[in-house]
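Enquirer: based on what follows, work out the 3D shape:
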Amino acid sequence: MKKVFGNWFMDIAKYIVTALVLSTALSDRISGWLYYAASLGLVVGIVLFAVYIYKLAEKEDKKKVKQSNN
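Expert: Sure thing, here's the model as predicted:
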């Protein structure tokens, strides 16, 4: 279940990056450095959280396999 949440958060990060690229391409505003910084910070935070959840899921899977082998 945690792997699914990890993948879900990675998808959210991709959607945010896509929205940023599209809004930049369709916008007349060029100087939106605060917008870019906030979006980048949000994406980095979500990706780190997704990787953390995914690593926890892998660790639990390895633990289950090890217990089933004993």
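Enquirer: name the helices or strands packed onto the helix or strand harbouring A37?
Expert: Secondary structure from DSSP states H and E places A37 in helix 33-69. Here helix 33-69 touches helix 2-26, going by 3 or more CB pairs under 8 Å, 6 or more residues apart in numbering; DSSP states H and E. For glycine as for every other residue, the C-beta is placed from the backbone atoms N, C-alpha and C.
Enquirer: okay, buried residues for the helix it packs on please.
Expert: 2, 6, 9-10, 12-13, 16, 20 (16 or more other CB atoms under 10 Å).
Enquirer: stretch 40-49 too?
Expert: Those would be 43, 46-47, 49, for stretch 40-49 by 16+ other CB under 10 Å.
Enquirer: look at the nearest residue to M1 once chain neighbours are set aside and report its pLDDT.
Expert: Computed as CB to CB, 6 or more residues apart in numbering, the closest residue to M1 that is not its neighbour in sequence is A57, at 7.7 Å. Looking at A57, its pLDDT is 87.
Enquirer: in this structure, where is pLDDT below threshold?
Expert: Scanning the chain for pLDDT under 70 picks out the ranges 28-31, 70.
Enquirer: how about a cut-off of 90?
Expert: 1-10, 13, 16-40, 50-51, 54-70 (pLDDT under 90).
Enquirer: for V4, see how far away V51 is.
Expert: Applying CB to CB, to the nearest Å, the value for V51 to V4 is 14 Å.
Enquirer: buried residues, the helix holding A37. List them.
Expert: For helix 33-69, a neighbour-count test (16+ other CB under 10 Å) marks 39, 43, 46-47, 49-50, 53-54, 57 as buried.
Enquirer: so what's the gap between that helix and the chain middle?
Expert: 7 Å (CA atoms, centre = their mean, to the nearest Å).
Enquirer: tilt between it and helix 2-26?
Expert: Taking axes from the mean of the first three to the mean of the last three CA atoms, to 10 degrees, one finds helix 33-69 and helix 2-26 inclined to each other by 160 degrees.
Enquirer: alright, calling it a day.
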